[in-house]
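K.L.:
Whatever this is, show me its structure:
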Amino acid sequence: MGGFIESPSTETLAKLARTKRIPFVEDLGSGAIVATEKLGAMEHEPMPDETLRSGVDLVCFSGDKLFGGPQAGIIAGKRRHIAALKREPFFRALRCDKLILTALQTTVDLYLAGKSSGLPVLAMLNITHDELRVRAEVLLSQIRDLPLHTAIGEGKAQVGGGSLPRALIPSITLDLRPDKVSVEDFAARLRRGSPPIAGYIAGGKFKLDLRTIFPRQDAEVVSALRSAAQWN
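P.N.:
Numbers count the residues shown, from 1 in each chain. Purely as a prediction, here's the structure:
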């Protein structure tokens, strides 16, 4: 929400909850475990530990999104409230299975070992502008013989609607314009390919944002572009 809006602070609500002797639960959604303002031009996203220190009894957040693990919901907080939740019969229907728990444990172990930069979402957020440009130059050198007008462009990557919705990170794009078919047709060919490649069209060009592509996938992108550029 933007404009003329106002919301009470977590500390204010926590004080009110204590006065009324009712549990205070806050849903963070994003699951940020690292300080997001250190990852780039992004605002600070509240983290579970600091929210609990503000007086919240229970905090809920996603196991995926900025946390970087499997899709799951995590509830943390005061022991007595967690114990009460586990006694609720509905808990049995909603509990995570062993595969989800194993993936969550693996994700947590990476954080504890100081290796969270290896998580895909954090790797995408941490990659530098210069690294993206070097990759773009290498990719373009491998497709210059194709019937495409190619260039390196500038873009903005959005973190997500549920996680840092206002954050836009500078990025590098591959700008492609086919010689013999429309940009729309070229984009459709890439989506139908194997593997399918999804980009966006802007300014009459098909754009691939390299921040959304892992370096290990670059060879597959080149192969897909070659297949889509066969007009016959």
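
K.L.:
Of all the residues in the helix or strand Glu220 falls within, which ones are buried?
P.N.:
Assessed by DSSP states H and E, Glu220 sits inside helix 218-228. By neighbour count with 16 or more other C-beta atoms under 10 Å, helix 218-228 contains the buried residues Asp218, Val221, Val222, Ala224, Leu225, Ala228. C-betas here are computed from N, CA, C, even on glycine.

K.L.:
again with stretch 76-83
P.N.:
Result for stretch 76-83 [16+ other C-beta under 10 Å]: buried residues Gly77, His81.

K.L.:
can I have it written out in CSV, keeping just the CAs?
P.N.:
C-alpha atoms of stretch 76-83 as CSV (Å, rounded to 0.1, in the frame of the first residue of the first chain):
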residue,chain,number,x,y,z
ALA,A,76,8.5,-19.8,15.4
GLY,A,77,8.3,-18.2,18.8
LYS,A,78,7.5,-18.9,22.5
ARG,A,79,7.7,-22.6,23.5
ARG,A,80,4.3,-22.8,25.2
HIS,A,81,2.5,-21.5,22.1
ILE,A,82,4.4,-23.9,19.8
ALA,A,83,3.4,-26.8,22.1
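
K.L.:
now that stretch: mean pLDDT?
P.N.:
Taken as a whole, stretch 76-83 has a mean pLDDT of 95.

K.L.:
neighbouring contacts of that stretch?
P.N.:
Residues outside stretch 76-83 that contact it (C-beta atoms under 8 Å, 6 or more residues apart in numbering): Pro23, Val25, Pro48, Leu52, Val56, Asp57, Leu58, Val59, Phe61, Ile75.
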